[in-house]
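Colleague: missing the sequence, but the structure's below:
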């Protein structure tokens, strides 16, 4: 994350920003007067800020019917919404569900202290930007919505992708009284401390390219010496292509077709640039490409989050297609963060607060109702939960899926395995709801 | 809590301070460099303070053997220790358990900013004094101890009484990866919002006295008019006698025997004072009686906690032996707190963060390994969990038990029902450990 070779894209931020779904017009926008500091009861902690959420009650069955709450991640609400947020729009009618999307604090229109520029002016204001505060926000807003809609008996399912998928998982674990289940797509909740080998991410990127084309892999591997000379580093490209290697375009294949197809010559960089063109030509609209002239909290905010709490230790290993074997170096990383923000990260706080070590043993006997969905082409899947943990904590993955793919809108070009993955998710959520209503009736 | 009639004693603070157990000499005292603010990553949040914990490894079976962690409540460590903390000393040998007692932040020798006097000088320092920060402290220290003792595989059971019992419950719910189970004695986790009727506490006190002696109850009931005249209010006495109505002395019976036995006369107050003498004569050593000349954080700290987060809405109702029918008035309470501390309480935050509403439905399908123990003579038991919730979330109560009674040292005078209650607790903890080791072996 800290290395420029892959720091150029976000965990979830690289999702394609599709045009806003037509259904957007069915959403009402609201602002909630949110507590800035949920864990300190004095002074500035009593400051509040306006947090945005949008609601679609078009399909809702009324009090008692389910609520699907999409938990925003490190991007403005509209980006979450339009990228990985469409699946629940597709399925809302059949569940008679109320749809809620909540923006993450410090992103989009939910920035405390007025604006991102203002936050940057006094960097101590960043202290409140972390996942514990964020899920506490979601707790307050979900309760608020249940009250507003007279829906105290309505079961809530939280949904999120990537970092948002971590938040959905953690929300279910920390606030089981507010959400009866979580659908967590591409959530690398195990990519902390040393739970996952630090080079798992780049190994997976390498594998994706090698699987697509051995010559492509070789060409990329050879290219680094030349590239280093001209100081241009397309690692981010490869990682992003692998992470979002989604149908129907399959960026890795596209990139490799371009690289392989640029003809036999002794020039390595020619093919590489053909690959770059092929990729960006197809996916012009990443949210990490600034779309307006404001300094972007989407960049800066996530950088702060990774430099404080969300320390995801990705390092290089041997035998990858990348031109580096540099391991993740926590000391170096910490020093860089200290230089930027004046404080060092707390790299072990995520696993202290949320767990992660021995997760199978811990969650086998504690907790329930979580779906961990992944696509194995996505290098972040290596830090995901890929084994069923209990009767109600499921791992559903596809060999060819990419980052947050299942949460995107369904499409006529969807392959069978993707349709099957979504079907299984729907089936499980349906079961959770059936059990919930049975329990409710028994009370 | 706010009313002087029962504000004179703490939730757990009224526990008898017995002489320190002889076993105390087997404990080593340590200080941990604790994070002041676990939920803010900048600036003053990086301040740390020294938090005390003591460890007894005399009976410990070594790495892999269990750890019993007693979670401190609103009192200095030594008070917790000596009162409700003795049960685990009694049972440690048979479990080969490591014993750990952790002091709650802002009490005893674990006061940030140097001293309680210093805290009071700048009241914004109180902002960090709350249960979320406290259980996060426990998380860090438990991890630290596991590391120090090379005990990563050692299962931890957290134990606590009264407010400390709430902390133990909440710790198990929020940090299941750090504690495999919780023994929560006399923890009124449901005495928040409107989950428990606000007059349940005083109704229970009344019942205790009436059960002990109808004439005693009548005498007390008649006494208020006279007492009000002389402006001395012994409600605290009655509540405390009921809460700690423990064998072998049974304070309620003692008080009533004194009241009833002071002979027939038309003077109501004479018998009442006989009761007061009988009670305090027997229990001279409450920790809420200042034992030295320092301003006491044990008073002031808990007052702050109840005025910010731990809003336990106890009010009077009809038909009690008390001279008031005043309901709990949140507005009035909030105003009083605002006057004292400059901010109003967040009365719904406990149930937002920890839950409590529909607890049976929520925890039936989520969570495991909690024992809620109670004694029904204790008026706080009315806010406790008194029904089994699942196969591994147990309610174990006794008709004649008092506040935290089961956690105290065993005694030759213990009645059969108390011995049976403790036996059942031991049995359940034993089962948790057996299952844990079976799971561990299977990995």
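Modeller: Thanks, I have it. Just so it is clear, the model here is predicted, and its values are computed rather than measured. Numbering: from 1, shown residues only, chains lettered A, B, ... in the order given.
Colleague: and the stretch 251-400 of chain A, which of its residues are near chain B?
Modeller: The interface of the stretch 251-400 of chain A toward chain B, taken as C-beta under 8 Å from any C-beta of the partner chain, is made up of A:308-309, A:341-343, A:345-346, A:349, A:351-369, A:392. For every residue, glycine as well, the C-beta is placed using N, CA and C.
Colleague: and what of the stretch 101-250 of chain A?
Modeller: Residues of the stretch 101-250 of chain A lying near chain B (C-beta under 8 Å from any C-beta): A:123-124, A:126-128, A:130, A:132-133, A:136, A:139-140, A:143, A:173-178, A:180.
Colleague: please pick the buried ones from these.
Modeller: Neighbour-count burial within those applies to A:124, A:126-128, A:130, A:132-133, A:136, A:139-140, A:143, A:173-178, A:180; the criterion is 16 or more other C-beta atoms under 10 Å in any protein chain shown.
Colleague: out of the residues you listed, which are inside helices?
Modeller: If you go by DSSP state H, these have A:132, A:133, A:136, A:139, A:140, A:143, A:173, A:174 in helices.
Colleague: and the nearest residue to the third one once chain neighbours are set aside, which of the three is it?
Modeller: Nearest in space to residue A:136, with sequence neighbours left out and distances taken as C-beta to C-beta, 6 or more residues apart in numbering or on different chains, is residue A:38 at 4.0 Å. Secondary structure assignment for residue A:38 (DSSP: H, G, I helix; E, B strand; the rest coil): coil.
Colleague: hang on, isn't residue A:38 packed against residue A:133?
Modeller: Yes. Using C-beta atoms under 8 Å, residue A:38 is in contact with residue A:133, at 5.9 Å.
Colleague: span of stretch A:55-72 from start to end?
Modeller: 13 Å (C-alpha to C-alpha, to the nearest Å).
Colleague: can you mark which positions in it are buried?
Modeller: Neighbour count says stretch A:55-72 has A:55-57, A:59-60, A:65-72 buried, by 16+ other C-beta under 10 Å.
Colleague: how close does the residue lying closest to residue A:411 once chain neighbours are set aside get to residue A:424?
Modeller: The shortest distance from residue A:411 to any non-neighbouring residue, by C-beta to C-beta, 6+ apart, is to residue A:248 (7.6 Å). Distance, residue A:248 to residue A:424, by C-beta to C-beta, to the nearest Å: 21 Å.
Colleague: these two: who's more crowded?
Modeller: In this view residue A:248 and residue A:424 are compared by other C-beta atoms under 10 Å in any protein chain shown, and residue A:424 has more residues nearby, 15 against 9.
Colleague: element containing residue A:320, please.
Modeller: Assigned by DSSP states H and E, residue A:320 belongs to no helix or strand.
Colleague: name the nearest residue to it, sequence neighbours excluded.
Modeller: Nearest non-adjacent residue to residue A:320, counting by C-beta to C-beta, 6+ apart: residue A:206, 4.3 Å away.
Colleague: ok, the one you found touching residue A:322?
Modeller: Yes. With contact defined as C-beta under 8 Å, residue A:206 counts as touching residue A:322 (7.2 Å).
Colleague: state the number of residues packed around the residue of the stretch 201-350 of chain A found nearest chain B.
Modeller: Using C-beta to the nearest C-beta, the single residue of the stretch 201-350 of chain A nearest to chain B is residue A:308, 4.1 Å away. Look at residue A:308: counted by other C-beta under 10 Å, it has 24 neighbours.
Colleague: phi and psi next, for it.
Modeller: When read as degrees, to the nearest 10, the backbone of residue A:308 gives phi -120, psi -60.
Colleague: same deal with residue A:99?
Modeller: phi -110, psi 130.
Colleague: what of the one 4 residues further on?
Modeller: The phi and psi torsions at residue A:103 (degrees, to the nearest 10) take the values phi -80, psi 140.
Colleague: how near is the closest residue to it other than its chain neighbours to chain B?
Modeller: Spatial nearest neighbour of residue A:103, chain neighbours left out: residue A:77 (3.9 Å); criterion: C-beta to C-beta, 6+ apart. Note on residue A:77: its distance to chain B, by C-beta to the nearest C-beta, to the nearest Å, is 22 Å.
Colleague: give me the number of residues near residue A:77?
Modeller: 25.
Colleague: got a list of what it touches?
Modeller: Counting by C-beta atoms under 8 Å, 6 or more residues apart in numbering or on different chains, residue A:77 makes contact with A:52, A:53, A:54, A:101, A:102, A:103, A:107, A:108, A:109, A:110.
Colleague: let's see which of these end up in strands.
Modeller: A:52, A:53, A:54, A:101, A:102 (DSSP state E).
Colleague: what's the closest of those to chain B?
Modeller: Lowest distance from chain B to those (C-beta to the nearest C-beta) belongs to residue A:102, with 15.0 Å.
Colleague: now the closest residue to residue A:73 other than its chain neighbours: which helix or strand?
Modeller: Nearest non-adjacent residue to residue A:73, counting by C-beta to C-beta, 6+ apart: residue A:164, 3.3 Å away. Assessed by DSSP H and E, residue A:164 sits inside helix A:163-174.
Colleague: next structured bit after that helix?
Modeller: Using DSSP H and E, the helix or strand that directly follows helix A:163-174 along the chain is strand A:181-185.
Colleague: tell me what the helix or strand just after that following strand is packed against?
Modeller: On the C-terminal side of strand A:181-185, the closest following helix or strand by DSSP H and E is helix A:200-212. Secondary-structure packing of helix A:200-212 (3 or more C-beta pairs under 8 Å, 6 or more residues apart in numbering or on different chains; DSSP states H and E): helix A:214-230, helix A:235-243, helix A:251-261.
Colleague: ok, residue A:57 - contacts?
Modeller: Here residue A:57 is in contact with A:28, A:98, A:99, A:149 (C-beta under 8 Å, 6+ apart).
Colleague: so the residue found closest to the second one once you drop the neighbours it is linked to in the chain, which of the three states?
Modeller: What it means is residue A:98. Leaving aside its sequence neighbours, residue A:98 sits nearest to residue A:60 (C-beta to C-beta, 6+ apart; 4.1 Å). Three-state call for residue A:60 (three-state DSSP): coil.
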